[in-house]
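**Q** what follows is a predicted protein model with its sequence.
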Amino acid sequence: MTRELVIELAKPAVAAVAPDEAPVFDSVAQARLTTSGQVRKARRRGHDVLGSGLEVVVETITDGSLYIASAMVGVATERVVVSAGKRVSRWIRKLRGKGGPGPVTLDDLAAKVDERDLEIMRLRGLLAGAEAGLTREQSEALVTAMLTEVRARTDR
């Protein structure tokens, strides 16, 4: 999983669900995501968090969208790797510093998932939204927007 793939999935969903948060999306993503696309457990603090000198990152739809996108990409990547029977290969590639067989872009992800994978992504996304403190409605809106984007790319 990569930071870029998580951002590619989350950013359009935030623009659709919470357009007023779109201007801060990049700053929040920079502060919250590791280079591998995982959401940092502890929030970064300091003047560089949102570029505004704020000491605390406020819980937002954007923050929740990063949790959801990271979880959805993670479960989809795991399913792709397992279905390819390359789990051991992935570990070896990681040790060697090479990318694994998982998707790198949203188009790549869309090409590798089927309807069953999308349903698993949906369920994992809803769970991640609840874990991130979003309401059921907020989680559903974000997950629906993200899956709509993935499905649109499978039709290309």
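**A** Yep, that arrived. Computed from a predicted structure; not experimentally measured. Numbering: from 1, shown residues only.

**Q** where do the strands sit along this structure?
**A** When assigned using DSSP state E, the chain turns out to have no strands.

**Q** so who does the nearest residue to Met121 once chain neighbours are set aside touch?
**A** Once its chain neighbours are removed from consideration, Met121 has its nearest residue in Met72; the separation is 4.4 Å (CB to CB, 6 or more residues apart in numbering). Any C-beta I mention is one placed from the backbone N, CA and C, and that applies to glycine too. Taking CB atoms under 8 Å, 6 or more residues apart in numbering as the definition of contact, the neighbours of Met72 are Leu9, Met121, Arg122, Arg124, Gly125, Ala128, Val143, Met146.

**Q** from Glu115, how far off is Met72?
**A** Distance of Met72 to Glu115, given as CB to CB, to the nearest Å: 15 Å.

**Q** picking that back up, can I get the contacts of Met72 in JSON lines including neighbour count and pLDDT?
**A** Converted to JSON lines, the contacts of Met72 look like this (neighbours: other CB atoms under 10 Å; pLDDT from 0 to 100):
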{"residue": "Leu9", "neighbour count": "28", "pLDDT": "94"}
{"residue": "Met121", "neighbour count": "26", "pLDDT": "93"}
{"residue": "Arg122", "neighbour count": "17", "pLDDT": "95"}
{"residue": "Arg124", "neighbour count": "20", "pLDDT": "94"}
{"residue": "Gly125", "neighbour count": "28", "pLDDT": "95"}
{"residue": "Ala128", "neighbour count": "25", "pLDDT": "94"}
{"residue": "Val143", "neighbour count": "27", "pLDDT": "96"}
{"residue": "Met146", "neighbour count": "26", "pLDDT": "95"}
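
**Q** got a markdown table for those, with distance to Ile61 too?
**A** What follows is the contacts of Met72, written out as a markdown table (distance: CB to CB, whole Å):
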| residue | distance to Ile61 |
| --- | --- |
| Leu9 | 14 |
| Met121 | 19 |
| Arg122 | 18 |
| Arg124 | 18 |
| Gly125 | 14 |
| Ala128 | 13 |
| Val143 | 12 |
| Met146 | 12 |
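
**Q** leaving out chain neighbours, which residue sits closest to Gly129?
**A** In space, not counting the residues next to it along the chain, Gly129 is nearest to Ser139; the distance is 2.7 Å by CB to CB, 6+ apart.

**Q** from what I see, that neighbour and Arg122 are in contact.
**A** No. Counting by CB atoms under 8 Å, Ser139 stays clear of Arg122, with 10.2 Å between them.
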